[in-house]
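Asks: Requesting a structural model of the entry that follows:
(one chain, ligands or ions: 1)
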Amino acid sequence: MEKHPKFTFIDLFSGIGGFHHGLLQCGGRCVMASDIDPVTVESYTRNFGIVPRGDVCEIISEDIPDFDVLCGGFPCQPFSNIGQKGGLEDSRGTLIFQVARILRDKRPKAFILENVKGLMTINKGTIFSRMLEELTSSGYTVYHMILEAKDYGVPQIRKRLFIIGFRDDLDVDFSFPEPTGCALKLSDILKGKTEREYGFTVRVGGRHSGIDNKFNWDCYTVDGSIHYITPEECLQLQGFPSSHYLAGNSADKYRQIGNSVPTTIVRELGKALVSTGVFDPQPP
Ligand SMILES: C[S@@+](CC[C@H](N)C(=O)[O-])C[C@H]1O[C@@H](n2cnc3c(N)ncnc32)[C@H](O)[C@@H]1O
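Replies: Below you'll find the model as predicted:
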């Protein structure tokens, strides 16, 4: 943990801690996490020594310590193309309103949210507009952009939507960070010659669909032989060390990584937030 953090954050829908891992690398300190999945909670606790609280809906704002940045990769199932397209009618979709409640009550300086890019187009964009409206009317200037993992340090094809907000009174004119490129290659992670430069999107479902199947994401040819990607290799594709602890059985492990956020993108976003100068300098 940073002894003199540059900023503090809360990690909502914390999963295995993609936000936490990324923001630790740019001077952040986590003051609270929350997740409802017991397996995920076990992973997070072992990795970071913080026990995530449960359901965000049941967390009273007064019980949340003060913090600078709210982070949240809110559940994407209702919005993703492979989901049921239930949108806001699906109760998981309404979790964005819990985020807005905490923003209004706690008034942090900034927030970073992550979701699938399909969120922008579902119901002809009406759901996304409604969400932006909710965040804007909570007193934040909001920016959004689709960022690609392989442009920010990890050899994975994974486009995700990032929504960043700054409290209106801070008057921040934010620019998303420029791509850093990707020195790490898929062949470095799979330790052999691969036909592909970048790995497929690490997903929650669809394992073992077969190398020629259009849904394949877990099978590669390495040095001419078929190789099924391991959880440790998936962790590296998301920017975690291969030693990051994952609780549960094999299916649990892949699910937790597939749900996570590329930590290298989070790190670059964190640096960009710090460079706006909105955080108070901490005493040495
Ligand atoms: C898309 S994942 C986010 C993963 C995380 N960003 C990471 O890096 O691992 C969404 C997470 O939200 C959790 N979740 C779902 N509903 C929740 C709720 N009501 N309160 C807190 N967590 C919730 C799920 O268990 C899941 O771990």
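Asks: wait, isn't residue 149 in contact with residue 266?
Replies: No. Taking contacts as C-beta atoms under 8 Å, residue 149 lies outside contact range of residue 266: 10.8 Å. Any C-beta I mention is one placed from the backbone N, CA and C, and that applies to glycine too.
Asks: Quick check: which element contains the closest residue in space to residue 132 that isn't next to it in sequence?
Replies: Residue nearest to residue 132 in three dimensions, not counting chain neighbours: residue 142, with 5.7 Å by C-beta to C-beta, 6 or more residues apart in numbering. Using DSSP states H and E, residue 142 sits in strand 140-148.
Asks: quick one: strands adjacent to that strand?
Replies: strand 159-167 (antiparallel) (DSSP bridges).
Asks: Quick one: list the elements packing against the very next helix or strand once past the strand it pairs with.
Replies: Remark: after strand 159-167, the chain's next helix or strand is helix 186-190, criterion DSSP H and E. Applying 3 or more C-beta pairs under 8 Å, 6 or more residues apart in numbering; DSSP states H and E, we find helix 186-190 packed against strand 219-222, helix 231-237.
Asks: Which stretch among these approaches residue 107 most closely?
Replies: Judged by C-beta to C-beta, the one of the helices and strands packed on helix 186-190 that comes nearest to residue 107 is helix 231-237, at 34.9 Å.
Asks: which residues touch the closest one?
Replies: 149, 154-156, 184, 189-190, 199, 202, 229, 241-242, 244, 246, 250, 253-254, 257-258 (C-beta atoms under 8 Å, 6 or more residues apart in numbering).
Asks: Using the three-state scheme, assign the closest residue to the ligand within the stretch 151-284 of the chain.
Replies: Using C-beta to the nearest ligand atom, the closest approach of the stretch 151-284 of the chain to the ligand is made by residue 260 at 3.5 Å. State at residue 260, reduced to three classes by DSSP: H, G, I helix; E, B strand; the rest coil: coil.
Asks: Spell out which parts of the protein neighbour the ligand.
Replies: For the chain, the contact set with the ligand under C-beta under 6 Å from any ligand atom comprises 13-19, 34-37, 40, 55-57, 73, 75-76, 95, 259-261.
Asks: Next step: these restricted to strands.
Replies: Those of those mapping onto strands are residue 34, per DSSP state E.
Asks: follow-up on the earlier one: looking at the helices and strands packed on helix 186-190, which is buried most?
Replies: When the helices and strands packed on helix 186-190 are scored by mean count of other C-beta atoms under 10 Å, the highest mean neighbour count falls to helix 231-237 (a mean of 21).
Asks: Neighbours of residue 240, how many?
Replies: 25 (other C-beta atoms under 10 Å).
Asks: What's the ChimeraX line that selects buried ones from the contacts of helix 231-237?
Replies: In ChimeraX syntax, the buried subset of the contacts of helix 231-237 is picked out as below (16 or more other C-beta atoms under 10 Å):
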select :149,154,155,156,184,189,190,199,202,229,244,246,253,254,257,258
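Asks: Might you name the residue of the protein sitting closest to the ligand?
Replies: Closest point on the chain to the ligand, by C-beta to the nearest ligand atom, is residue 15, at 2.1 Å.
Asks: re the thing from before, what residues are bridge-paired with the residue nearest to residue 132?
Replies: residue 165.
Asks: The one 10 residues further on too?
Replies: Here residue 152 sits in beta bridges with residue 181, going by DSSP bridges.
Asks: wait, isn't it in contact with residue 262?
Replies: Yes. Contact criterion C-beta under 8 Å: residue 152 and residue 262 qualify, at 6.7 Å.
Asks: Give me the local confidence score for the closest residue to residue 166 other than its chain neighbours.
Replies: Among residues not flanking residue 166 along the chain, residue 172 sits closest, at 4.0 Å (C-beta to C-beta, 6+ apart). pLDDT, residue 172: 96.
Asks: Please report the distance of residue 172 from residue 251.
Replies: Separation of residue 172 from residue 251 (C-beta to C-beta, to the nearest Å): 42 Å.
Asks: quick one, which of these two is more surrounded?
Replies: residue 172 (18 against 11).
Asks: give me every residue that touches the more buried one.
Replies: Counting by C-beta under 8 Å, 6+ apart, residue 172 makes contact with 110, 141, 166, 276, 278.
Asks: switch the cut-off to 10 Å
Replies: 109-110, 141, 143, 164-166, 273, 276-278 (C-beta atoms under 10 Å, 6 or more residues apart in numbering).
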